[in-house]
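Novice: Here is a sequence with its predicted model. Questions after.
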Amino acid sequence: MDTAHSLGKDEAVRRLQQKFSAVRATFGKQISDLHEEWAGGVLSFGFKAVGMKVDGTVTVEDDAVELAANVPLAAMIFKGQIEKRIREELGDLLA
């Protein structure tokens, strides 16, 4: 899933790092095995929620952010809702 922006790579990375910190603070008790690792403009992440493992990457370019996530089969019925919410959050964050 791609989201366009006009912030430049450094500002987009800064905003995403802040957002992940806020998410961790808000949902830290509801998720486990959380890891996040930034390498340049690429974030590799993973966590468990409700016993299900989710992992993926967020790649930040000068004018777009691409999210690739692996969602367990048991969560696929919620995939559309999850993608919609992520698009909304990214849109607000990168506006």
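Specialist: Cool, got the structure.
Novice: Which secondary structure element of the protein has the lowest mean pLDDT?
Specialist: Every helix and strand in the chain was compared by mean pLDDT, DSSP states H and E; the lowest is helix 79-93, with a mean of 83.
Novice: buried ones in it?
Specialist: Using 16 or more other C-beta atoms under 10 Å as the test for burial, helix 79-93 gives 90, 93. Just so you know, the C-beta spots here come from the backbone N, C-alpha and C atoms, and that holds for glycine as well.
Novice: Please apply the same query to stretch 56-64.
Specialist: For stretch 56-64, a neighbour-count test (16+ other C-beta under 10 Å) marks 57-58, 60 as buried.
Novice: tell me what the least confident helix or strand of the chain is packed against?
Specialist: Contact here means 3 or more C-beta pairs under 8 Å, 6 or more residues apart in numbering; DSSP states H and E; on that basis helix 79-93 packs against strand 2-4, helix 9-27, strand 64-70.
Novice: just how off-centre is it within its chain?
Specialist: 9 Å (C-alpha atoms, centre = their mean, to the nearest Å).
Novice: next one: stretch 1-20
Specialist: Centroid separation for stretch 1-20 versus its chain: 10 Å, with C-alpha atoms, centre = their mean.
Novice: How about stretch 57-68?
Specialist: Relative to the centre of its chain, stretch 57-68 is centred 10 Å away, using C-alpha atoms, centre = their mean.
Novice: Other residues contacting it?
Specialist: 1-6, 8-9, 12-13, 16, 41-45, 56, 86, 90, 94 (C-beta atoms under 8 Å, 6 or more residues apart in numbering).
Novice: What subset of the residues you listed is buried?
Specialist: The buried subset of the contacts of stretch 57-68 - by 16+ other C-beta under 10 Å - is 3, 5, 9, 12-13, 16, 41, 43, 45, 90, 94.
Novice: Out of the residues you listed, give me the two with the largest separation.
Specialist: His5 and Phe45 (19.1 Å; C-beta to C-beta).
Novice: Skipping its backbone neighbours, what lies nearest Leu7 in space?
Specialist: Distance criterion C-beta to C-beta, 6 or more residues apart in numbering; nearest residue to Leu7, sequence neighbours excluded, is Leu94 at 6.1 Å.
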